[in-house]
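**Q** what's the 3D shape of this:
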Amino acid sequence: MRLNRTSRVVAAAGVLLLAAACGSSDTTSPAPGGSGFEPPKMSARKSLGATEGKVNLIAWAGYAEDGSNDPKVDWVTPFEKKTGCQVSTKTAGTSDEMVSLMKTGEYDAVSASGDAALRLIASGDAAPVNTDLVPNYADVFAGLKNQQWNTVKGVSYGIPHGRGANLLMYNTEKVTPAPTSWSAVFDKASAYKGKVTAYDSPIYLADAALYLMKSEPSLGIKNPYALDQKQFDAAVALLKDQHGNIGEYWSDYLKEVSAFKSGDSVIGTTWQVILNTAQAEKVPVKAVLPSEGATGWSDTWMLAAKAKNPNCAYKWMDWIISPEANAQVAEYFGEAPSNAKACEVTSDKNHCATYHAAEEEYWKQVHFWTTPIAQCVDGRTDTTCVPYAKWVQAWTEIKG
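**A** I've put the predicted structure just below:
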């Protein structure tokens, strides 16, 4: 089971301006694949040279375990022995921290989530990656390759690590009938007033937008991360209405487990690992992927444009998605692995089934976190979408 992980995005207004490739403000930043999006001109390496003897990583807690937290959990030491690359890891608590750290030029690679990856590409802090130099990339699930958060105009900017969905969890003794829609935490939330929980992050606005895609089709939302002003205002209004029914917002999964265990929370967003933990502690809960689908996260190992140890960084990217290492990290962290062959070597033979690792139809219902920017990521060119900095401001207002 993975370590405690804090919020992936910090709710502090004004600190999340998306840097465009040319350094323009967040109001003009273009979308990946859009007509105006041109990352800084960089070429991926064509070959690897001698390893440098070390690699400096920025990672989520639980992604680069070396046995110091648990002697039985260690996939870093075997990597060091095999490659001669000594690993130094800076654990980051939020996507924004990762973005800031990458700008220092002190790190070689980062395990970026979709809400950070586009910023790193646009600002020139992440370099293109030659996937041919990462042999294990061939076995990565197709649904994780060439996505809008890790690829721009056919150029790959990273190696997929794993993925997870944001599910709807409920107390089976308190919530009846069993919910099948996000309406349970939006339109019908008053039935559980004070006991509804939600993810504490500006990116949660996408959950509201996803619900509005189906419940208010006249708004014309096609992508929960591409909201024009009218669509954005509707999502904000929905979350302001919901706020009165929220008991607490969570970013620490152990606290969410405790809240469901005590009865302070009976329904709200969750991760599969939280469900597993709660059920293991005999909490009467179940979770569902609602009829509208869900938001979710997919992490990508990205190479720093200023990497001082690129050869070791490439070795690390190949190692961490190798079947054995990828299986270990997926089980420890609580996510679906990216390498299909990892499913053959997990210690829990049901792990990949539990996390829907190979079920691409399941993942087609998940809208992975993507940085909202002014040029709409749904392809529209006749309007301007609300950039992430404004999502941060709105989140502060929503929480009061």
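**Q** the stretch 101-250 of the chain: strands as residue ranges?
**A** Applying DSSP state E, counting those that start in this stretch to the stretch 101-250 of the chain gives strands spanning 109-112, 126-127, 151-152, 155-156, 159-165, 167-171, 196-199, 246-250.
**Q** poorly predicted segments of the protein, please.
**A** 1-37 (pLDDT under 70).
**Q** biggest strand in it, by residue count?
**A** Ranked by residue count and defined by DSSP state E, the top strand of the chain is strand 294-304.
**Q** between strand 294-304 and the next helix or strand after that strand, find me the angle.
**A** Heading C-terminal from strand 294-304, the first helix or strand you meet, by DSSP states H and E, is helix 310-320. Here the directions of helix 310-320 and strand 294-304 differ by 150 degrees (axes from the mean of the first three to the mean of the last three CA atoms, to 10 degrees).
**Q** please identify the buried residues of the next helix or strand after helix 310-320?
**A** Next in sequence after helix 310-320, counting helices and strands by DSSP H and E, comes helix 323-333. Under the neighbour-count criterion of 16 or more other CB atoms under 10 Å, helix 323-333 has 323-333 buried. Glycine gets a C-beta too; all of them are placed from N, C-alpha and C.
**Q** stretch 87-102 too?
**A** For stretch 87-102, burial by neighbour count (16+ other CB under 10 Å) applies to 87, 89-90, 92-99, 101-102.
**Q** same check on stretch 214-221?
**A** 219, 221.
**Q** what are the contacting residues of it?
**A** Contacting residues not belonging to stretch 214-221 are listed as 183, 186-187, 209, 212-213, 227, 230-231, 234, 291-292 [CB atoms under 8 Å, 6 or more residues apart in numbering].
**Q** how does it look with 7 Å?
**A** Identification of contacts with stretch 214-221 by CB atoms under 7 Å, 6 or more residues apart in numbering yields 183, 209, 212-213, 227, 230-231, 234, 292.
**Q** send the alpha carbons of it over as CSV?
**A** Extracted C-alpha coordinates of stretch 214-221, given in CSV (Å, rounded to 0.1, in the frame of the first residue of the first chain):
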residue,chain,number,x,y,z
LYS,A,214,-24.3,15.0,-19.1
SER,A,215,-26.8,16.8,-16.8
GLU,A,216,-26.8,20.1,-18.6
PRO,A,217,-26.0,19.3,-22.3
SER,A,218,-27.1,22.8,-23.4
LEU,A,219,-23.9,24.1,-21.9
GLY,A,220,-22.0,22.3,-24.7
ILE,A,221,-19.2,21.0,-22.5
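**Q** tell me how far it lies from the chain's centre.
**A** 25 Å (CA atoms, centre = their mean, to the nearest Å).
**Q** ok, and the closest non-adjacent residue to the spatially most distant residue from the centre of the chain?
**A** The C-alpha centroid of the chain is most remote from A50, which lies 32.5 Å away (CA atoms, centre = their mean). Distances taken as CB to CB, 6 or more residues apart in numbering place N311 nearest to A50, at 6.5 Å, with adjacent residues excluded.
**Q** about what we covered before: in helices, which of the buried residues of stretch 87-102 fall?
**A** Members of the buried residues of stretch 87-102 lying in helices (criterion: DSSP state H): 95-99, 101-102.
**Q** for stretch 337-354, buried residues please.
**A** By 16+ other CB under 10 Å, the buried positions in stretch 337-354 come out as 337-343, 345-346, 351-352.
**Q** what of stretch 175-194?
**A** Quick answer for stretch 175-194 (16+ other CB under 10 Å): 175, 179, 181-186, 189, 192.
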